[in-house]
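Chemist: generate a structure from the sequence data that follows.
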Amino acid sequence: MAEPLERRAIISGTAQSDIGRRLYRTGIDLTVEAALRAVTDAGLTTADIDGVSTYPGFGGSFGGAMGAELHEALRLSLNWRSAGVETAGPLGAVHNAVLAVAAGLARHVLVFRTVVEGSGGPLRPGGGSGGSGGGMAGSAGPFQFMIPYGAASAACWVACYARRHMHDYGTTRTQLGAIAVNGRANAAANPKAIYTDPMTIDDYLAVRMVSDPLCLYDCDVPCDGSTAVVVSHRDYAPDTPAGAVGINAMGTAIRGRPSWDQFDDLTSMMMRHTAASMWERTELTVADVDTAQLYDGFSWLTLAWIEAMGFCGKGESGAFIEGGTNIGPDGPMPLNTSGGQLSAGRLHGFGHLHEAVMQLRGTANIQVPGCEVAAVGAGGGPETGCLLLTRGAS
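Modeler: Next comes the predicted model:
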């Protein structure tokens, strides 16, 4: 196999801004904080940054900040830039940066994802849309089949997929709850996590429903925060003060219908194609993975990622995670070791990426011993992407 292009790039730096439920700070303020910390972590200055990449490429509570805003705020001189939502999920911003570095279009690309969904979105005083969306009969595109019926939230759609998985494979809510309980236990060691109070499976089963079978603890926590990474050419690896993280393989495939509700298999969505394309680009196997940082915007998405990555067979994720032994810090597949989005906050996959880098450097709050390979998967529906990362340049 010819060497994949992504191996020409490394992650040389990573950092986060302050993170909180409601910080009442602007998106660009948080972005600058994370970006400057990441650049310093990489042993660089802003004068070294010649590329910027972000997802989704627009402002507001969901977008947080635009690439152009960071460009202006830091007075950067760029050779390349990218921002957009039609990518392989949030990690598409990283994929784009890696390819730009591999192609020689930039040498050090600053990649970021910012959210201000706590104080900048529906949770702000007087915020919110104030309705279920049931009257929006004029909705176009795929949303014409969802919003007029009150299914305006992804919680409604993912609940349908979770119920289908339960119907087809016998997955139970008690099994599903292991994702939330494991995340909360891990969040207790994360000083930036939103929720750290202990949670038991009984607590999980007793909390109110949001969209059956998903309860409150199955849904990630809106928050304010920014995560930034620096993607550099691999020849910079010896100069990284904190140690380089290699990009062994990327998963970007979308081989099915680009829809939230028209998949040929509602229980796997696009994850199975994305993960398959990653494994096609590496000589490593599932057995080589020391930790998995997998998207938990809703807990059931994590089950879909576990199956797609091959940590268990199709339909077997419920039994695999039951009781939490397999996914705990001392288990065969330590999962979401910083708490994930269910407890640490909805950083849209970039919190998972940051934690993977920390694990490979050996500096995580809950450190997996001898961590050499980390799998990262982010997104849901048709917008999914993944990375296979290694300690040191690949």
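Chemist: all the strands of the protein, residue numbers only.
Modeler: Per DSSP state E, the chain carries strands over the ranges 9-16, 51-54, 80-83, 108-116, 209-211, 214-215, 224-233, 245-251, 291-294, 373-380, 383-391.
Chemist: show me what the shortest one pairs with in its sheet, parallel or antiparallel.
Modeler: Put plainly, it is strand 214-215. strand 209-211 (antiparallel) (DSSP bridges).
Chemist: can you give me how far the strand it pairs with is from the chain middle?
Modeler: Relative to its parent chain, strand 209-211 has a centroid offset of 23 Å by Cα atoms, centre = their mean, to the nearest Å.
Chemist: which residues does it contact?
Modeler: With contact meaning Cβ atoms under 8 Å, 6 or more residues apart in numbering, strand 209-211 is reached by S153, A155, C156, V158, A159, C215, L216, D218, C219. For glycine as for every other residue, the C-beta is placed from the backbone atoms N, C-alpha and C.
Chemist: buried members of those into ChimeraX, please.
Modeler: Buried subset of the contacts of strand 209-211, written as a ChimeraX selection, criterion 16 or more other Cβ atoms under 10 Å:
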select :153,156,158,159,215,218,219
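Chemist: where does the protein have low pLDDT?
Modeler: Scanning the chain for pLDDT under 70 picks out 120-138.
Chemist: all helices for the stretch 101-250 of the chain, in order.
Modeler: Ranges of helices within the stretch 101-250 of the chain are 154-169, 173-187, 201-206, based on DSSP state H, counting those that start in this stretch.
Chemist: using PDB, list the CA coordinates for the shortest one.
Modeler: Taking only C-alpha atoms (Å, rounded to 0.1, in the frame of the first residue of the first chain), the coordinates of helix 201-206 have been written out as PDB:
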ATOM      1  CA  ILE A 201     -27.500   3.300  36.400                       C
ATOM      2  CA  ASP A 202     -30.600   3.700  38.700                       C
ATOM      3  CA  ASP A 203     -30.200   7.500  38.400                       C
ATOM      4  CA  TYR A 204     -30.100   7.100  34.600                       C
ATOM      5  CA  LEU A 205     -33.200   5.000  34.400                       C
ATOM      6  CA  ALA A 206     -35.100   7.300  36.700                       C
END
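Chemist: what segments of the stretch 251-394 of the chain are helices?
Modeler: 271-279, 299-309, 317-321, 340-343, 350-361.
Chemist: now the ones you listed as TSV including distance to N79?
Modeler: Shown next, in TSV, are the helices of the stretch 251-394 of the chain (distance: least, Cβ to Cβ, whole Å):
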stretch	distance to N79
helix 271-279	28
helix 299-309	34
helix 317-321	43
helix 340-343	33
helix 350-361	23
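Chemist: point out the most buried one among those.
Modeler: helix 340-343 (a mean of 30; mean count of other Cβ atoms under 10 Å).
Chemist: export that helix to CSV, keeping only CA atoms.
Modeler: Extracted as CSV, the C-alpha positions of helix 340-343 are listed here (Å, rounded to 0.1, in the frame of the first residue of the first chain):
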residue,chain,number,x,y,z
GLY,A,340,-17.4,12.9,26.5
GLN,A,341,-20.1,15.4,25.5
LEU,A,342,-22.7,13.9,27.8
SER,A,343,-20.9,15.2,30.9
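Chemist: for that helix, name the packing helices and strands.
Modeler: helix 173-187, helix 350-361 (3 or more Cβ pairs under 8 Å, 6 or more residues apart in numbering; DSSP states H and E).
Chemist: helices or strands up against the last one?
Modeler: It refers to helix 350-361. strand 9-16, strand 224-233, strand 245-251, strand 291-294, helix 340-343, strand 373-380, strand 383-391.
Chemist: can you tell me which of the ones you listed comes nearest to D264?
Modeler: D264 lies closest, by Cβ to Cβ, to one member of those: strand 383-391, at 15.2 Å.
Chemist: helices or strands up against the closest one?
Modeler: Against strand 383-391 (3+ Cβ pairs under 8 Å, 6+ apart) you get helix 92-102, strand 245-251, helix 271-279, helix 350-361, strand 373-380.
Chemist: alright, calling it a day.
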